[in-house]
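Participant: got a predicted model here, sequence first, then my questions.
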Amino acid sequence: QVQLVESGGGLVQAGGSLRLSCAASGRTFSTYPMGWFRQAPGKEREFVAAISWSGGRTYYADSVKGRFTISKDRAKNTMYLQMNSLKPEDTAVYYCAADRRPYYSGSYYTPESIASWGQGTQVTVSS
């Protein structure tokens, strides 16, 4: 069973920055793509960003493109989401996710393609 543990959420003013971390166990990190989703109150969980199993490709939702950067450190089995120029509409619970498709490098990610979720971390952006 893959375990994903997130950290780094919090309260920040609009225009500020936060970095989320996701520590992963097992061989997931070197075999499966990973990503971040978020869920705001009353809304469905939505895709934010993903990184391919090799780390060579990254994908972003249009709403965060140019502001967020996803990366991973294989030596530490940790994935990151650097969030800059935060907006109040970025307020949500952010979830680390491990995809179920080994060696997948494509751009299509949905909650249905996820095999394991982290516990979630709250990000609140005040105006």
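Facilitator: Sure, I can see it. Remember, it's a predicted structure, so these values are computed and weren't measured experimentally.
Participant: center of this protein, which residue is that?
Facilitator: Residue closest to the average C-alpha location in the chain (CA atoms, centre = their mean): residue 36, at 1.9 Å.
Participant: which residues in this structure form strands?
Facilitator: Ranges of strands in the chain, per DSSP state E, are 4-7, 10-13, 18-24, 34-39, 46-51, 58-60, 68-73, 78-83, 92-99, 114-117, 121-126.
Participant: show me the contacts for the residue nearest to the centre of the chain.
Facilitator: With contact taken as CB atoms under 8 Å, 6 or more residues apart in numbering, residue 36 is in contact with 20, 22, 48, 49, 50, 70, 81, 94, 95, 96, 97. For the C-beta atoms, the positions are set from N, CA and C on the backbone; glycine is no exception.
Participant: which strand residues bridge it?
Facilitator: residue 49, residue 96 (DSSP bridges).
Participant: tell me the confidence at it?
Facilitator: Note for residue 36: predicted pLDDT of 98.
Participant: cool, residue 106 as well?
Facilitator: As predicted, residue 106 sits at a pLDDT of 89.
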